[in-house]
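Colleague: please work out how this folds:
(3 chains)
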Amino acid sequence: MSNNGNGRTNGSPRIGVYICHCGINIAAKVDVERVTRFAETLPGVVVSKEYKFMCSDPGQELIQKDIREHDLNRIVVASCSPLMHEETFRKATANAGLNPFYFQMANIREHVSWVTKDKDLGTEKAKALVAGAVRRVSLHQALEKKRVDVHPDVLIVGGGIAGIHAALTIANSGRKVLLVEREPTIGGHMAMFDKTFPTLDCAACILTPKMSQVKDHPNITLWSYSEVTKVDGFAGNFTIQVTRKPRYVNEDECVGCMLCIDSCVYKQARVDDEFNQGLSKRKPIYIPFPQATPPVVVIDPETCMQLSKGKCKQLCAEACEKHAIDFNQKEEVIEVQAGAIILATGFKTFNPMRIPEYGYGRYLNVYTSLEVERLVNASGPTGGEVVLRDGSKPKSIAIIHCVGSRDHKTNKYCSRVCCMYSLKLAHLMKERSNAEVYNFYIDMRTPGKGYEEFYDKLLEEGTHFIRGRVAEVTDWALTDAEEGKMIVRVEDTLVGMPRRIPVDMVILSVGLEAQPDADDVRRLFGVSCSKQGWFTERHPKLAPVSTATDGVFLAGACQGPKDIPDTVAQAGAAAAEALAMIDKGFVELEPNTAFIDEEVCSGCKSCIPMCPYTAIKRDDEKKVAVINEALCKGCGTCVATCPSGAAQQNLFLDEQIYEEIEGVLNYV
Amino acid sequence: MSKPKAGFNWFASCGGCEEAVVDLHEAILDVVAAVDIVFWPCAMDFKKDDVRAMRDGEMDVCFINGAIRTSEEEEIAHLLRRKTKIVIAFGSCSHMGGIPGLGNLFTRDEILEHDFTQSFSVVNPEKTYPQEVTKVPEGEVELPRFLDYVRSLNQVIDVDYYLPGCPPPVALLRNAVQAVLSGELPPRGTVLAPDKALCQECPRLDSKPDDLAITEFKRPQEIIIDEEKCLLAQGLLCLGPATRSGCGAPCVNGNMPCTGCLGPTSRVKDYGLSTMTVFASLFESKDEKEIDELVDKIVDPVGSFNRYSLPSTFLHRKANV
Amino acid sequence: MSDAAAFEPRIVAFFCNWCTYTAADLTGVSRMAYEPNVRVIRVMCSGRIDPEFILAALREGADGVLIGGCHPGDCHYIEGNYKMLRRYRLLLKYLRAMGVDERRVRLEWIAASEGDKVQRVVNELTWTIRELGPLALPVMPQPEGAGASEESALAEANA
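Modeller: Below is the predicted model of the structure:
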């Protein structure tokens, strides 16, 4: 046992205390000078200094110089959160030849200066936290980080553009990727789009080659129609359980000829086509769209006669020369290993039924933007022709922005992409139908390369822009001109008057929301999410694709609404982070594992059921508990439970915590 | 060289600790042969003045049992401290406050009122209470004052060693006497018993499941207790996992759960909390309501977990006491 | 109770690293000011919190203790928070029996994204304890120092 708490105490404490101003972030609400002078009076403190930015190079050098000159053996830095800079200062400590765990941080920024209004009170609180840290660090011990080999494969969850791009980036580097997609095909939302803003290049033209690359790449294993159902392990060594749903078609045999679909006993397609947003029908045996990847048909067990009723002529199976159809296929549960995980689970669009005044579901010709993406798509239900549900062609079209965004009743946030895709749709609708197009917007948000220029172009194209949040869409005509139309009621805030615009078609620019099962997914992978369900990055600026769980990274809209360029950029970043971890070959584990002092352990077994990782066993010969350090993740639950104080936790020894308690309370 | 001088004294306790001395049986003759007993009010006629007459530090060792509840006990404790080189807190009451320590759940007035007016065996319509000073024809007679709360011995005087138990196990007493006689004593402040919990010497440990989860609490009278199986696994509140060993598990061998008389091992700061923590952590339920139902089954948490130790806990006594 | 204007509660908080400590950082980053009475001690998991820490804090002069962990089902270590919940429920019963107002010891599940909840809970607890007044646990008796007279010791115990 290397970390058993003995002989690592480094003589009597000679502590250096460093109080950071953080510019004025701390200094504005904490009298740094006073805290520094106070720290000098604490037992064991040899030097106490203040500095503008402790985390800067000169700040770190200050510590290192003092360690050498004053023979310091303990360091306390009072600055920001340890979650921010603990590693920085540990490294600085180590660079001066001191074990990095003779270091303790006092959080006087996030926990003091940023949350305290009164400077005197802030100063008092800072003093208390510094005193706690000084008392605690006196009992710190030298520890070593454990190195654990990293499994070189990467798991990517979600096969939208984010997952696809991350998978290709990693696979191209020579590493192996398992890409798991819930739907029968990869492609995600992007595959549904017609054109992409602001360049108006065709989404399929730029996406489908990447989808094929995924399919053909020797380093990528693609499991579509599959879901991750369990995750164990830790950074570098995850064990993942993937459940593969039966598609009733042997994936290895199916060549995607679709003869089976033609021969299905259903002569007419009767089932709502999910990919076309229900604007067209499909058969029980189907392929989501022609370029679906993998190009394999799938049978929907709910509508298939054979699978739902157990009785069918099975003409599809007959038609398949490869005998790929297998009605007996069962769900398969497979366990795989991976060193890193990238979550790219995407988003869902806002359901506008939640805003009944916009008439979606009530008026036939109110569409969501995603439906219109299919409607204008050359491979869509109408072959790209703008024909409404009632068979008519619209002469006037309203596009209502911010549906389910920037709205205190639904989502407060801005969905970031709606202004731009609304402009794109306005352009496409105008181009395809020559209708009058009205954009109803609150603010036009077009930051991005070429975005404002695109807006300018639309202004010139003769699209109408009306600034104001739409009150309602109604069919209550007040004039003959309004008869038979939908009337968009809005306060035009530029003109300063209410207006009524009669139109044939309404497009609701729905916002982006987190996946409905985001909460289950984040629990599965041990990451957190915001109240809205977006996965939380480790740091909004400095670690935007990492999560609080080492080895789990984020790409794309599962982290928050974003457009394709940002998604791809983030997917590349997540891939790079995952590769950096894997190519390093090992991960270092925080040495906060628990251990048993055999001298006091009675072998009472109380700790054994405490451990969620079955890291504790009883040594029947010695009659004491033994903790497997490799399995221990350092929660300390067994330590708190042990009725003898025999179980202890490195970095969180009972005595260290008691010292901190006494320090923060009795600091003067 | 003259024999070491030893004393024994009895404060607030049942007297069972004195029995433990007698339980040395024949070995007591060796003790008597090896030491001069210069103070033992329970067995021989010694008075306070005999102690006063001693030189400071004249007694080599004094075994003091019982908690401190009266002014007289406190006075004599200080006196004995001055006259003794090695003071050994002898038994649970002296060590941690013991059963009398549960008096710290009540104020002095509540106790006096109950004992002298409300107790079912008392008839006291005039509400006569004991007086500290009573005038009699011969002059004034004094009674010691009943103090506000109970203290363990080390809360009154410095204690050198602790010999735990209710009563202290004879084997531990024998070892302690040996250690004193040989002069091979551990660091001051040590509890003279093994620093491991009772489970280590429990004959039933092997029957304790590795994945013990507490779903119910039973009281001994409610079930027929299996004589082989771990008592905790039978739903009984056995405090063995948290209690110092050295007694040889007589209660468990007598088919009764450990009640914790030897107190905690050396690293535990609050015996009752430590005991509560281990049991609560082992509850099976994750549901707050179910947890509360289980907690409700523990009618008297203080009496259950701090039967012998209340004055030596962080809280020491009930808040208004 | 005592003079509420002069009394400022001292509160020790034990926050788990993954949820509540992170949430408290977020409170800071969001500049959501709250009562300055709380001193946060970080542990990896609420399962690490030994009720002995809580009572030690009260004994050392804290007027209240706040425990923060991940929401049920969200524990970074699967179920450490449930273990804390069980201890807490039993501890409350013990505190009641010992005459300590249970409102002084509060357990809250605060997720990493709930910076606003840290603000609210700390404020509420501070205000509650301000109302309750100082904890003022009975003084822990200490042995007399060497040389102290018997008389003075007696006087103290009778005071």
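
Colleague: tell me where chain B has helices.
Modeller: Here chain B has its helices, by DSSP state H, at B:16-22, B:27-34, B:48-52, B:71-83, B:92-96, B:108-113, B:170-182, B:250-253, B:271-281, B:288-297, B:301-305.

Colleague: which residues sit against the third one?
Modeller: Residues external to helix B:48-52 that are found in contact with it (Cβ atoms under 8 Å, 6 or more residues apart in numbering or on different chains): B:7, B:38-39, B:76, B:79-80, B:83. Glycine gets a C-beta too; all of them are placed from N, C-alpha and C.

Colleague: just the last one next, same as before
Modeller: Counting by Cβ under 8 Å, 6+ apart, the neighbours of helix B:301-305 from elsewhere in the structure are B:102, B:105, B:237, B:239, B:260, B:271-273, B:275-276, B:298, B:310, C:90, C:93-94, C:97-98.

Colleague: which of the helices of chain B sits closest to residue A:562?
Modeller: helix B:288-297 (39.5 Å; Cβ to Cβ).

Colleague: roughly how far is stretch B:149-165 from the heart of the chain?
Modeller: Mean C-alpha position of stretch B:149-165 versus that of the full chain (Cα atoms, centre = their mean, to the nearest Å) differs by 9 Å.

Colleague: quick one on the thing from earlier: so which of the contacts of helix B:301-305 also contact chain A?
Modeller: residue B:275 (Cβ under 8 Å from any Cβ of the partner chain).

Colleague: out of the contacts of helix B:301-305, which are inside strands?
Modeller: Per DSSP state E, strands hold no members of those.

Colleague: which intervals of chain C have sub-threshold pLDDT?
Modeller: C:1-5, C:145-159 (pLDDT under 70).

Colleague: what does it put close to chain B?
Modeller: C:50-52, C:55-56, C:58-59, C:72, C:79, C:82-83, C:85-87, C:89-91, C:93-94, C:97-100, C:137-138, C:140-144, C:146, C:150, C:153-154, C:157-158.

Colleague: count of neighbours near residue A:383?
Modeller: The tally of other residues near residue A:383 (other Cβ atoms under 10 Å in any protein chain shown) stands at 9.

Colleague: and of the contacts of helix B:48-52, the nearest to residue A:139?
Modeller: Checking these one by one against residue A:139 (Cβ to Cβ), the nearest turns out to be residue B:80, at 36.6 Å.

Colleague: wait, that closest one touches residue B:64, no?
Modeller: Yes - under the criterion of Cβ atoms under 8 Å, residue B:80 makes contact with residue B:64 at 6.4 Å.

Colleague: the two: which is more packed in?
Modeller: The neighbour comparison of residue B:80 against residue B:64 (other Cβ under 10 Å) goes to residue B:64, with 30 against 21.

Colleague: so what's that one up against?
Modeller: Residue B:64 sits next to B:8-9, B:11, B:77, B:80, B:87-90, B:94, B:153 when contact means Cβ under 8 Å, 6+ apart.

Colleague: need the contact list for the closest residue to it other than its chain neighbours.
Modeller: Spatial nearest neighbour of residue B:64, excluding adjacent residues (Cβ to Cβ, 6 or more residues apart in numbering or on different chains): residue B:9 at 4.9 Å. By Cβ under 8 Å, 6+ apart, the residues touching residue B:9 are B:39-41, B:62-66, B:76, B:80.

Colleague: make JSON lines out of those residues and add pLDDT.
Modeller: Formatted as JSON lines, these follow (pLDDT from 0 to 100):
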{"residue": "B:39", "pLDDT": "94"}
{"residue": "B:40", "pLDDT": "93"}
{"residue": "B:41", "pLDDT": "92"}
{"residue": "B:62", "pLDDT": "97"}
{"residue": "B:63", "pLDDT": "96"}
{"residue": "B:64", "pLDDT": "97"}
{"residue": "B:65", "pLDDT": "97"}
{"residue": "B:66", "pLDDT": "97"}
{"residue": "B:76", "pLDDT": "96"}
{"residue": "B:80", "pLDDT": "97"}
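
Colleague: ranking by neighbours, what's the top pick from these?
Modeller: Going by other Cβ under 10 Å, residue B:65 tops the contacts of residue B:9 with 32 neighbours.

Colleague: now it: closest residue in space, sequence neighbours ignored.
Modeller: residue B:17 (3.6 Å).

Colleague: then residue A:655?
Modeller: Leaving aside its sequence neighbours, residue A:655 sits nearest to residue A:139 (Cβ to Cβ, 6+ apart; 5.4 Å).

Colleague: what about that neighbour, distance to residue A:173?
Modeller: 45 Å (Cβ to Cβ, to the nearest Å).

Colleague: how many neighbouring residues does residue 192 have?
Modeller: In the absence of a named chain, chain A is used. Residue A:192 has 20 neighbours, counted by other Cβ under 10 Å.

Colleague: the intended chain is chain B.
Modeller: 21.

Colleague: re the thing from before, nearest to residue A:44 among the contacts of helix B:48-52?
Modeller: Nearest member of the contacts of helix B:48-52 to residue A:44, counting by Cβ to Cβ, is residue B:80, at 38.7 Å.

Colleague: what sits against the closest one?
Modeller: B:7, B:9, B:39, B:51, B:59, B:62, B:64, B:87, B:157 are the contacts of residue B:80 under Cβ under 8 Å, 6+ apart.

Colleague: swap in residue C:76?
Modeller: Applying Cβ under 8 Å, 6+ apart, the residues near residue C:76 are A:526, A:548-549, A:635, C:16-19, C:45, C:70.

Colleague: swap in residue B:188?
Modeller: B:160-161.

Colleague: per-residue confidence for it?
Modeller: What the model reports as pLDDT for residue B:188 is 96.

Colleague: just checking, what packs against the lengthiest helix in chain A?
Modeller: For chain A, the helix with the greatest residue count under DSSP H is helix A:564-584. For helix A:564-584, the packing partners by 3 or more Cβ pairs under 8 Å, 6 or more residues apart in numbering or on different chains; DSSP states H and E come out as strand A:154-157, helix A:161-172, strand A:340-343, strand A:552-554.

Colleague: got the buried residues for whichever helix or strand comes after that helix?
Modeller: Later in the chain than helix A:564-584, the nearest helix or strand by DSSP states H and E is strand A:586-589. Neighbour-count burial for strand A:586-589 flags A:587, A:589 (criterion: 16 or more other Cβ atoms under 10 Å in any protein chain shown).

Colleague: packing partners of strand A:586-589?
Modeller: The contact analysis (3+ Cβ pairs under 8 Å, 6+ apart) places strand A:586-589 against strand A:146-149.

Colleague: residue contacts, the one residue in the stretch 1-150 of chain B that gets nearest to chain A?
Modeller: Nearest residue of the stretch 1-150 of chain B to chain A, counting by Cβ to the nearest Cβ: residue B:96, 15.7 Å away. Residue B:96 sits next to B:152, B:164, B:263, B:271, B:308-312 when contact means Cβ under 8 Å, 6+ apart.
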